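1. just coords:
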């Protein structure tokens with residue numbers, strides 16, 4: 001709708017002087033963070049203005065100023081109202097549309113934000129803050145190409161702003177252009193090597209690219225063990241250390257996270273995850289119990305507790321937890337990866353115990369037996385394999401030399417060392433699929449002292465026999 005007032009974008013000399021004086025008057029309160037004092041003074045000036053049309057431009061300028069203060073004070077609905085009133089008075093410039101854009105963005109009304117930022121850019125097309133705001137709104141609207149174009153424009157204006165490169169990196173990541181994303185985030189780190197958010201972003205990108213050692217190196221070099229870490233950084237490093245086979249260090253980070261963030265359920269989920277990988281079922285169950293208590297709605301908490309309960313022989317309780325976990329996707333991977341989570345499926349993120357059980361749970365297993373049969377790859381023994389090709393599955397688990405793929409090593413190590421306990425506690429219905437296997441045969445079997453190298457050698461032999469068509473069980477020579 002066209003405003004009934006004559007459009008204006010600037011003030012006359014006398015009114016501009018009056019506005020400058022008001023801004024100077026408010027400055028001490030704004031710098032001190034006492035917004036209420038600034039609002040009191042500004043409200044008084046607005047109320048004192050005569051309603052004459054000749055004052056519309058000054059009134060609109062003061063409303064715009066108040067809108068900016070309200071955005072700073074996180075009063076975004078009121079800020080948007082002030083901006084709308086100013087625009088209704090015929091005030092049209094980059095400032096008023098820019099503040100309206102930020103108010104609507106903070107209110108998560110991204111379409112309105114986009115429109116106002118676009119209007120603001122018509123008045124000031126090279127203003128980096130407006131290009132940034134427009135790009136952010138477009139990012140939320142998943143208009144990635146246009147968002148990237150805005151940031152490229154902003155970088156052309158200001159090549160020294162690392163945030164612009166980091167933002168463009170995230171957009172490239174969302175578009176699946178990992179090389180471009182990596183190039184931008186590395187350049188952001190060159191411009192500001194001390195920013196932990198840039199290190200976290202690069203580490204996440206390297207992880208979803210399958211470069212675990214590099215991802216861990218970035219976290220260690222950029223953050224170091226002596227710095228105050230965010231929960232995301234601590235848990236990501238714990239996860240990376242687990243992937244790299246550094247279970248003690250992974251546990252240290254998870255413990256540190258649970259101590260620094262005792263009210264965060266994710267910290268205890270990761271701690272339980274690490275303890276499960278180490279085969280410490282009792283401590284894992286305690287950590288999982290804490291996670292459930294902190295956040296009864298978190299599916300990951302029930303996932304780790306259900307796993308610990310099952311490994312402790314409490315199958316009925318485990319069934320209840322795993323069924324509850326299956327009602328929603330696991331949230332820990334999303335938390336660990338942030339914006340990089342979108343490329344999770346296409347890049348082979350760690351299919352650890354948490355993720356593998358959750359993946360099977362999403363299929364809606366009819367029972368705990370089905371879930372664990374699927375998890376262990378034994379479901380097909382009962383004729384339920386369907387169209388799954390075991391040779392294709394081998395290719396996902398092993399490389400061409402028969403080595404376990406890096407991200408899966410912690411899971412295989414945990415599963416191998418705890419196989420006797422898992423088999424002893426396996427539900428009777430599942431045991432019936434194993435040719436009358438007697439769990440009592442495992443009572444004196446202890447695999448917990450096997451080294452990682454010994455486990456890998458066993459799995460390489462399994463891979464060789466499967467690929468050659470031999471029986472993967474023990475040969476006659478082995479029995480001798």
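-> Done, it's in. As the structure is a computational prediction, the values presented were derived from the model and not from experiment.
2. residues in contact with residue 71?
-> The contact partners of residue 71, by C-beta atoms under 8 Å, 6 or more residues apart in numbering, come to 79, 99, 102-103, 106. (Each C-beta comes from the backbone N, C-alpha and C, glycine too.)
3. Go again with 10 Å.
-> 78-80, 82-83, 98-103, 105-106 (C-beta atoms under 10 Å, 6 or more residues apart in numbering).
4. same question, residue 179
-> Counting by C-beta under 10 Å, 6+ apart, residue 179 has contacts 172, 209.
5. and the gap between it and residue 340?
-> 14 Å (C-beta to C-beta, to the nearest Å).
6. same question, residue 84
-> Residue 84 is 37 Å from residue 340, by C-beta to C-beta.
7. More neighbours: which of the two?
-> Higher neighbour count among residue 84 and residue 340: residue 340, with 26 against 16, using other C-beta atoms under 10 Å.
8. measure the more buried one to residue 205 for me?
-> 6 Å.
9. Overlap of the contact sets of the two?
-> With C-beta under 10 Å, 6+ apart, residue 340 and residue 205 have common neighbours 170, 173, 178, 181, 347.
10. count of residues packed around the third one?
-> So that's residue 178. Residue 178: 19 neighbours (other C-beta under 10 Å).
11. Identify the residue spatially nearest to it, adjacent ones excluded.
-> residue 209 (5.8 Å; C-beta to C-beta, 6 or more residues apart in numbering).
12. May I have the phi/psi pair for that neighbour?
-> In terms of degrees, to the nearest 10, the main-chain angles of residue 209 are phi -90, psi 0.
13. I figured it was touching residue 181, is that so?
-> Yes: counting by C-beta atoms under 10 Å, residue 209 sits close enough to residue 181 to count as a contact (9.5 Å).
14. what sits in contact with each of the two?
-> 340, 343.
15. For these two, indicate the residue with more neighbours.
-> residue 181 (27 against 18).
16. so that one touches residue 187, yeah?
-> No: Residue 181 lies out of contact with residue 187 (C-beta under 10 Å); the separation is 11.1 Å.
17. any shared contact partners between these two?
-> With C-beta under 10 Å, 6+ apart, residue 181 and residue 187 have common neighbours 166, 168-169.
18. coming back round to it: between the shared contacts of residue 340 and residue 205, which is nearest residue 157?
-> residue 170 (19.3 Å; C-beta to C-beta).
19. any idea which helix or strand comes after the helix or strand hosting that closest one?
-> For residue 170, the host element (DSSP states H and E) is helix 162-174. The C-terminal neighbour of helix 162-174 among helices and strands, as given by DSSP H and E, is helix 178-191.
20. Let me see the confidence value for residue 265.
-> Looking at residue 265, its pLDDT is 97.
21. in the stretch 251-400 of the chain, what spans have low per-residue confidence?
-> For the stretch 251-400 of the chain, residues meeting the criterion pLDDT under 70 lie at 344-400.
22. Let me see the ranges of the helices in it.
-> 265-277, 281-294, 299-311, 315-325, 332-337, 344-347, 353-362, 368-376, 390-397 (DSSP state H, counting those that start in this stretch).
23. rewinding a little: if you compare the directions of the helix holding residue 170 and helix 178-191, what angle comes out?
-> 160 degrees (axes from the mean of the first three to the mean of the last three C-alpha atoms, to 10 degrees).
24. Quick one: distance of helix 162-174 to the chain centre.
-> 15 Å (C-alpha atoms, centre = their mean, to the nearest Å).
25. Leaving out the residues flanking it, which one is nearest to the most centrally placed residue in the chain?
-> Nearest to the mean C-alpha position of the chain, by C-alpha atoms, centre = their mean, lies residue 338 at 2.1 Å. Leaving aside its chain neighbours, residue 338 sits nearest to residue 204 (5.9 Å; criterion: C-beta to C-beta, 6+ apart).
26. ok, and the one you found, which helix or strand is that part of?
-> Here residue 204 is assigned to helix 196-208, by DSSP H and E.
27. any idea of the mean pLDDT in that helix?
-> Rounded mean pLDDT across helix 196-208 is 92.
28. Specify the angle between it and helix 178-191 in degrees.
-> 150 degrees.
29. Flag every buried residue along helix 196-208.
-> 196-208 (16 or more other C-beta atoms under 10 Å).
30. Dump those into CSV; add distance to residue 277 as well.
-> Shown next, in CSV, are the buried residues of helix 196-208 (distance: C-beta to C-beta, whole Å):
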residue, distance to residue 277
196, 26
197, 28
198, 29
199, 25
200, 23
201, 26
202, 25
203, 20
204, 21
205, 24
206, 21
207, 17
208, 20
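31. out of those, who's nearest residue 92?
-> residue 197 (36.0 Å).
32. What sits closest to the closest one if chain neighbours are left out?
-> residue 166 (7.3 Å).
33. got the buried residues for stretch 213-232?
-> 214-216, 218-220, 222-223, 229, 231-232.
34. next structured bit after the top helix by length along the chain?
-> Ranked by residue count and defined by DSSP state H, the top helix of the chain is helix 13-32. Using DSSP H and E, the helix or strand that follows helix 13-32 in sequence is helix 35-48.
35. average pLDDT across that following helix?
-> 87.
36. distance between that helix and the chain's centre?
-> 42 Å.
37. Check which helices and strands that helix is in contact with.
-> helix 13-32, helix 56-72 (3 or more C-beta pairs under 10 Å, 6 or more residues apart in numbering; DSSP states H and E).
38. what's the least confident stretch among the ones you listed?
-> Taking the mean pLDDT of these, helix 13-32 comes last: a mean of 85.
39. by contact count, what packs against that helix?
-> helix 35-48, helix 56-72.
40. Out of the ones you listed, which gets nearest to residue 270?
-> helix 56-72 (35.9 Å).
41. Centre of the chain to the closest one, how far?
-> When distances are taken as C-alpha atoms, centre = their mean, helix 56-72 is centred 37 Å away from the chain's centroid.
42. residue contacts, residue 126?
-> 153-154, 156-158.
43. Which residues does the strand or helix carrying residue 219 contact?
-> Taking DSSP H and E as the definition, residue 219 sits inside helix 212-222. For helix 212-222, contacts defined as C-beta under 10 Å, 6+ apart pick out 185-186, 189, 193-196, 198-209, 211, 229, 233-234, 236-237, 239-246, 249, 253, 350, 406-407, 409.
44. go with 6 Å
-> 199, 202-203, 206-207, 237, 240, 243-244, 406 (C-beta atoms under 6 Å, 6 or more residues apart in numbering).
45. which element follows it toward the C-terminus?
-> Taking DSSP H and E, what comes next after helix 212-222 is helix 231-243.
46. Rounded mean pLDDT for that next one, please.
-> On average, helix 231-243 scores 91.
47. Tell me which residues are up against that helix.
-> So helix 231-243 is contacted by 200, 212, 215-216, 219, 223, 249-250, 253-254, 256-257, 261, 264, 270, 274, 277, 336, 350, 407, 410 (C-beta under 6 Å, 6+ apart).
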